[in-house]
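Peer 1: quick check, what structure comes out for this input:
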Amino acid sequence: MEASRPLSFGEQLVGLNFNPSALPNVDRVKTICAELADIVESNRRIPDQNTSLKELLYPGIINSILEAQMNAVKYLTLKF
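Peer 2: Numbering: from 1, shown residues only. Okay, the predicted model is just below:
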């Protein structure tokens with residue numbers, strides 16, 4: 001990743017730069033979830049694509065992406 005560019009919405013959401021385990025699969029999961037969040041967010045910014053139903057669904061979708069990312073990272077780093 002380029003150090004000079006700001007993080008995208010999705011990259012910020014998943015904490016893309018935080019991986020103390022240094023596991024490549026953690027980086028991959030975070031990248032995939034960041035891309036998914038960015039796709040949803042970019043679609044939300046298209047004015048004629050917005051509906052009240054889409055706005056109602058948006059927070060849950062973002063929460064689900066974040067929850068999936070956190071659970072996958074936990075699974076990958078679990079030591080018990």
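Peer 1: the helix or strand hosting Asn25: how far from the chain's middle?
Peer 2: For Asn25, the element it lies in under DSSP states H and E is helix 24-44. Using Cα atoms, centre = their mean, to the nearest Å, the distance from the centre of helix 24-44 to the centre of the chain it belongs to is 4 Å.
Peer 1: give me the buried positions along it.
Peer 2: By 16 or more other Cβ atoms under 10 Å, the buried positions in helix 24-44 come out as 26-27, 29-34, 36-38, 40-41, 44. The way it works is simple: take the backbone N, C-alpha and C, and place the C-beta from them, glycine included.
Peer 1: show me what the following helix or strand past it is packed up against.
Peer 2: Next helix or strand after helix 24-44 toward the C-terminus (DSSP H and E): helix 52-77. When contacts are defined as 3 or more Cβ pairs under 8 Å, 6 or more residues apart in numbering; DSSP states H and E, helix 52-77 packs onto helix 9-14, helix 24-44.
Peer 1: re earlier: give me the residues contacting the helix holding Asn25.
Peer 2: 8-11, 13-16, 19, 49-50, 54, 58, 61-62, 65-66, 68-69, 72-73, 76-77 (Cβ atoms under 8 Å, 6 or more residues apart in numbering).
Peer 1: drop anything exposed from those residues.
Peer 2: Buried members of these, counted by 16+ other Cβ under 10 Å: 10-11, 13-14, 16, 19, 62, 65-66, 69, 72-73.
Peer 1: returning to that earlier point: need the helices and strands packed on helix 52-77 in TSV with mean pLDDT, can you?
Peer 2: As requested, the helices and strands packed on helix 52-77 are arranged in TSV below (pLDDT from 0 to 100):
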stretch	mean pLDDT
helix 9-14	97
helix 24-44	97
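Peer 1: return the closest of the buried ones among the contacts of helix 24-44 with respect to Ser4.
Peer 2: Distances from these to Ser4 were compared by Cβ to Cβ; the smallest belongs to Glu11, at 13.9 Å.
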